[in-house]
Every structure is written in C-alpha cells, then in structure tokens.
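Visitor: Give me coordinates for this.
(one chain, ligands or ions: 1)
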Amino acid sequence: MFHHLPSLRTGLVTALLLLGPTLGHILPRQYDASAPATVEPTSTFSISVSSTPINAPTVTYSSNVTTTAAPSAATASAYSLPTKYYKLVFTKGWVDTNGNPREAILINGQTPGPLIEAEEGQELTIEVVNQLDKPCTLHSHGIFQSFTPWADGVPGVTQYPIDPGATYTYTYTPLQYGQYWYHSHYRGQLDDGLRGPLLIHPSPSRAKPFATLSSDVDELEQMAKAERNPKIVQLSDWSQLTHDEIDADYHQTGIEPLCVDSFLINGRGQRICPPVALMEAVAPPTVIPLTNKGCVFPNSTVIMGPFPNYTAQYPDQANPLTFFGCENTTSPLTVIEVNKKDGYAAINVIHIGGLVEQKIAIDGHKFIVFANDGQYVEPQEVDILIVPVGARFQALVKLDNPGDWTIRTANSMPNQMISAYAVFSYVDKETCSPPANGLPELCGCKTFTSPPTNQPSFDYGGNVLNNATSVNYFTLKPFPAIAPPPQADHTLIWDVGKPIQRVWSLNLDGNPFLAWREQETPAIINPQPFLDANVAVALTYGEVIDVVFRIPAGNPTHPFHKHDAKAFIIGEGPGEFTWSSVAEAQLAVPQFFNLETPALRDTFGTIPAFASPTWLAIRWKVDSSMPVFFHCHISYHLAAGMATAFFEGLERGFPTGPPGTVQQGSTPVYYNNPNNTYPDGASIDA
Ligand SMILES: [Cu+2]
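Guide: Residues are numbered from 1 along each chain as shown. Reported below is the predicted structural model:
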C-alpha cells in the first residue's frame, strides 16, 4: 500500500511482442544408491554421480513419493528419501538474452540455471564446479541453514570463496517447502547470470491453503497438481555492461547506476525503445526529463539523492552506456504454455534480478496468491504482483480464458520507465527444443510477431489501469496462522543509508560491510574482527529480536534479505521512528503495526523514502548458532557495504561442519587494490 508511485501519471504505451520460450530444466539424475553409480545422459551437461554416496539411502525416490509425517529436525536424518544430487558447472559464455549478445556466467551452459528441486526433508547435495576465472559461491536464498550453517554460501561469513578451478559441495536438508532460488554470493555475479530456481515440494502432511477456494474434490486436486508442477517465472533486469563494469563506474563517479537495458522473463526479453515523449507521459513529473532509455538523467537528485562532500563527482562522468542509447530488438519472448484441461496453473514468480522492484500481471487472468517467500498464506486474489528483488510469490491462475495473453512486467520504481513481455499461451501439449545460445530450452507451439491485444493491468511505466488490484504483501497472513512472539527481549534501532557517497550501510554506526571482507577468514571461524569493526552484532540464542530500520529521505526501496530463518514484518510506516521500542511505537501509531497476523518473509522491500523518511520493524526468535547474513539485495548496494551479520547464538559457538568443510576450496587473497581505499579515504572492495 505504501509502494505506489506518485499518482500524476497518465498515458499508455504499447509495445511489441514476439514469439517465445518457457523456462526449461536440465533434468537432474535422481540419485539412487541402490543402483550402480552411472551417469544418465539427460543432456550435454548431465549430472554425474559421486563415487562416494552421501547417506546410504534405502528407498528409491519416485516423483509420487508419499510420506506419513512432516520431517522435523529430529527425524530428518532418518527420513526415507535418498539424497538428491546435482552438479552445477559454472562457465563464462555468450548469451543472447535480448538481441544484444554479451558474455555472461552460465550454469550447465545456460542462464538462468537449471531447476533444482527436492522434497521437504530430503537431503540435497549440490556440487559446484567453478570453471570461472574468479572465485564464486552458491547461496540457497531463503533456505534455513541452522543445522548446516557452513552451507549458506556467503564468502567471508560462512565459507571462503571457491577458487577458480575448484569444486565445492553444499549439502543440506530443507525442513521447509516452497519456491526459493540460488545464486552466487560473490560480488555481483548474480547480475551476470549466476542464478536459478530452487523448489522444495511440501511434505504431504502440510495443510494446503486451497480449501477456502473450493470444496470440489476434483478442483482441489487440480490445484494440488498445479502446485506440484508449477510454471516458474523468473524476473530480472539485464545490462549490456557486466556487474563489475557498472560497479567500477559507480565507485569512480558515485552516480547511482539506476538504468538497465532490458527486463527479462526467464532470461529472455528485448530492447524496447518507445519515443521519449511516450515514456515521459507515463513518468512522475519529478523525474522528467528522461533519457532515451527511459531513465532519469545521472544528475537527477530526485532519484540519486544529493551529492555531498565529494568534489570529484560530476554527472558528466557517468558512463553513457549506462544511461543512454537504445535500439529496438525483436528477440523471441518467453512463452508460458498452459492447458485448459488442467483447470489451474501455478505460477511461481521469482525476482532473480539485482536492481528494482517489479510488477507483473497476466492479461485476462488473476493471480490467486497462496504462498509468499515459500510460506503458505491465506489466498489473496489480485491482478498485479509487486515483487521486490529476491522475493517469491506462488499463485494459482484459473485456466478458463483460452487464447494468447500478454504477461507484462514493469518497474515499480520511478527511476526508469521500462517493461518486459512474455506470452501466456493455451496449448494442448508442450513441445520444447533443447537449450541453445546459453538460454534455457525454448518451448512454444506458436510464433508471436505482434502483441496479443488484451486489456492491460498497468501501462509501460507501471501505472495501474482498468481498476486492477495489487497484492498487499503487508497483510499476507501465514497459513495456518502463525503468531509472532508477543514481545521482544532485545531491540536494535538502526539507521539505513549512505554514510558517505558510494557507500551504503544498514547497521548501528553506519559501518559498511564492504566486499573485501569476502576474502577475510570467514566469520564462522573467526567472528571477533567483524564484531570489532561493528559490522556484525552478537545475538543471544533463544532471545526475541526486534530490528527497526530507520530510512532517511533520499532512499529508494531497499529489498532486504535475511538469511536463515524468516522474520515477521511487524510494522512499517512513514515518517521518523522516534520511539525506543516497538511497544512504545505501537501506543503512538498502532495503525502501522500488525502483531496478530504479520507476514513471515525472508525478503522485504522497505517503503520508498524519496522525499521523507520511512521505517520498517521486523521480529524473529534466535534459534540458530551461526552468522546470519542480512543485506540489501540491490547488487551494487550490497557491494557498497549495505550488509550486516547477526551472530546468532555466538555464545554457544559456531559449528563449522565436518573437518575441512569451510576450508575446502579456500581462496586466501584476491585483492586487486592493495590500498583498499577511495580517494577520500573510505575503504572499498577490490
Ligand atoms: Cu539497497
């Protein structure tokens, strides 16, 4: 409700559509230890099997596996499913996402990477082979790691980076369900393609939130079937420049690189270049004029904030490739194919990008949201999902409107007028061609050379049309109901922002958690230097923690992500947070709190604070002993320090796994800049 753009926006821009593919998977080999360790050639990048079986499983996995009880921490190791095994090979390669090929990071030859899926309670082993010329890691976004903190994939926090040429194996057992994703946590490698979907199928004993939607047994079965075989829709932003190039420009100039070349849907999109006048017609007046990419100019203090205390910084130093230049392309668009006979499709939306919150809608259809960040919620029927970077929505779509329909996305922030399209197409069967050109397999019985002409839910700039409704993620109630702890044992009130230009922070003293810490001895081994530098805070096991983030004017939405367990979003509001605790604030502004049915999430966008401050309050109970990373999921904000670590249960000690786990694939030093400083003396990453 607070995420709406200024309302003085009119007009409608139409855009071109073409044919397209849908997300494909390279099917992993189902690991069956009772069978010989052989390789099934499912693709060029097929899965090979370790000669050392993980747990000796006794029951062969089948896709219709049934179990009698939800797994728990106590029973997980005795759970009857065999370990699910994946091998991911990271390479550099060319990808043609939008008609302008560029070098990217591919996972088993494609980006986004293949789907990783497992059952709730099923041990999952992911072997990473780093064939890049840089270190890397793999983080499973949203997965609880309290039993395997060394598998969280944060360089400098839970492990050393994985050396070029090295192999590192992540093993964990997800005791949760729903849609997640995986990505590198090294620098901004996820922006360059190192990312993909991760799906955990719920235990059969989990109560599903579908009963409120229908009492018809057949319909409920259709819903459950749809949930089991979802259509995954991955949103991202895409630039012709690599993350490192953009980051270097940002460090040089201090100018926020708030402009991209395309939005992508499952890795495919186009360069779309409407006339500037049309883009300005859908833009808030405060951001006009726009560049021919639909972006604010690099000297826009409205979006970029003021430029204090740094005389070397001038907008004319901005890289023109970031802000200017657009030529239309006509690349094939993703096609999501559905079959009317199925009754329902489950659309699992994941924002795997690194910059701005996006909106998504499917013309002619509504989303019935049933899970958010992997957590079942009481269903909400809406036209538009608003998706912060890193967040996920799972929604049913009723298949009662045959035809070809536009799937549209738009920026929900005012920094750039930009949209992307895919096609929601009713077909009788699916036909797919194999992966090619670094992209997932292309599905699509039809070719689209012009957009389906449907009634849109929003325009090119994201302005809501036709009375379309948007998801209200502040009021998404967990299903079954889960109440947060009634009060906090410990409250942290933190100021978020830029302590100096080109540095972002979100902790008590404004100390940035800069990327050179990726090279340090990981906090899981040696936590004290992080505490001494005030970039981490120790939290006592068993305590209930409130963190209030105070966001001053001049800030966009920050998509915060908490590693390990989810947190309750107990309050958010406009204005200064002037109280010393949530309890005190609740007395003064009760309308901004929800302690009965708050959302339970791992990723949450703060209210934009362009002109005046805002705040966000989260609560969780410390039930891990591990360094829990917490950061903004805007890639260049993270690289510029917008992160902290909660050292949960430090007094109990951090487990570092089997001997050698954290050391495996270690990379002692990768500094490129021996001084690690900016001209003004601030520390930087390499
Ligand atoms: Cu941020």
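
Visitor: Going by C-alpha atoms from here, please, whenever you check contacts or count neighbours.
Guide: Noted.

Visitor: for the stretch 301-450 of the chain, what spans make up the strands?
Guide: For the stretch 301-450 of the chain, applying DSSP state E, counting those that start in this stretch gives strands covering 335-338, 344-351, 358-362, 367-372, 375-382, 385-387, 392-398, 404-411, 419-426, 432-433, 442-443.

Visitor: in this protein, what secondary structure element scores lowest on mean pLDDT?
Guide: The helix or strand of the chain with the poorest confidence is strand 442-443; it has a mean of 61 (mean pLDDT, DSSP states H and E).

Visitor: List the buried residues for stretch 396-408?
Guide: For stretch 396-408, a neighbour-count test (16 or more other C-alpha atoms under 10 Å) marks 396, 397, 398, 399, 404, 405, 406, 407, 408 as buried.

Visitor: nearest to residue 540, of those residues?
Guide: residue 396 (40.1 Å; C-alpha to C-alpha).

Visitor: nearest residue to that closest one other than its sequence neighbours?
Guide: Among residues not flanking residue 396 along the chain, residue 346 sits closest, at 4.4 Å (C-alpha to C-alpha, 6 or more residues apart in numbering).

Visitor: Check the residue in the stretch 101-250 of the chain positioned nearest to the ion and give its pLDDT.
Guide: Nearest residue of the stretch 101-250 of the chain to the ion: residue 188, at 13.5 Å (C-alpha to the ion). On pLDDT, residue 188 comes in at 93.

Visitor: Go ahead and confirm it touches residue 634.
Guide: No. With contacts defined as C-alpha atoms under 8 Å, residue 188 does not count as touching residue 634, sitting 9.3 Å away.

Visitor: Around the closest residue to residue 317 other than its chain neighbours, how many other residues sit close by?
Guide: Leaving aside its sequence neighbours, residue 317 sits nearest to residue 253 (C-alpha to C-alpha, 6+ apart; 6.4 Å). Applying other C-alpha atoms under 10 Å, we find 21 residues neighbouring residue 253.

Visitor: For the ion, see how far away residue 253 is.
Guide: For residue 253, the distance to the ion equals 18 Å [C-alpha to the ion, to the nearest Å].

Visitor: Kindly report the same for residue 395.
Guide: Taking C-alpha to the ion as the measure, residue 395 falls 27 Å from the ion.

Visitor: Same check on residue 468?
Guide: 28 Å.

Visitor: In a strand, that residue, correct?
Guide: No. Using DSSP: H, G, I helix; E, B strand; the rest coil, the secondary structure at residue 468 is coil, not a strand.

Visitor: on that earlier part again, now the helix or strand following the least confident helix or strand of the chain: buried residues?
Guide: Where DSSP states H and E defines the elements, the next helix or strand beyond strand 442-443 is strand 490-495. Under the neighbour-count criterion of 16+ other C-alpha under 10 Å, strand 490-495 has 491, 492, 493, 494, 495 buried.

Visitor: ok, back up a step: my read: the residue nearest to residue 317 touches residue 319, true?
Guide: No. Counting by C-alpha under 8 Å, residue 253 stays clear of residue 319, with 9.1 Å between them.

Visitor: Who does residue 169 form a beta bridge with?
Guide: For residue 169, the beta-bridge partners are residue 127 (DSSP bridges).

Visitor: swap that for residue 233, please
Guide: According to DSSP bridges, beta-bridge pairing links residue 233 with residue 349.

Visitor: What is the neighbour count of it?
Guide: Residues lying near residue 233 (other C-alpha under 10 Å) number 27.

Visitor: contacting residues for it?
Guide: 23, 265, 266, 347, 348, 349, 350 (C-alpha atoms under 8 Å, 6 or more residues apart in numbering).

Visitor: If you rank those by neighbours, which is first?
Guide: Going by other C-alpha under 10 Å, residue 265 tops the contacts of residue 233 with 32 neighbours.

Visitor: I'd like to know which of the contacts of residue 233 is nearest to residue 231.
Guide: residue 347 (5.0 Å).

Visitor: From residue 172, how far off is the closest one?
Guide: Using C-alpha to C-alpha, to the nearest Å, residue 347 is found at 26 Å from residue 172.

Visitor: quick check: angle from the host helix or strand of residue 615 to strand 490-495?
Guide: Taking DSSP H and E as the criterion, the element that holds residue 615 is strand 614-621. Strand 614-621 and strand 490-495 are oriented at 150 degrees to each other (axes from the mean of the first three to the mean of the last three C-alpha atoms, to 10 degrees).

Visitor: Give the partner strands of strand 614-621 in its sheet and their orientations.
Guide: Applying DSSP bridges, strand 614-621 is found paired with strand 544-551 (antiparallel), strand 567-574 (antiparallel).

Visitor: In CSV: these, plus distance to the ion, mean pLDDT and mean neighbour count.
Guide: As requested, the strands paired with strand 614-621 are exported to CSV (distance: least, C-alpha to the ion, whole Å; pLDDT from 0 to 100; neighbours: other C-alpha atoms under 10 Å):
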stretch, distance to the ion, mean pLDDT, mean neighbour count
strand 544-551, 11, 97, 23
strand 567-574, 17, 96, 23
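
Visitor: rewinding a little: among the contacts of residue 233, show me the least confident.
Guide: Across the set of those, residue 23 stands lowest in pLDDT, at 25.

Visitor: Tell me the secondary structure at the residue of the stretch 201-350 of the chain found nearest the ion.
Guide: Residue of the stretch 201-350 of the chain nearest the ion, by C-alpha to the ion: residue 256 (11.1 Å). Put simply, residue 256 is coil when judged by three-state DSSP.

Visitor: my read: it touches residue 247, true?
Guide: No. Counting by C-alpha under 8 Å, residue 256 does not reach residue 247; the two are 9.4 Å apart.

Visitor: At which residues are the strands of the stretch 51-200 of the chain located?
Guide: With DSSP E, counting those that start in this stretch as the criterion, the stretch 51-200 of the chain has strands at 84-95, 102-107, 116-119, 124-130, 139-141, 167-172, 178-183, 195-201.
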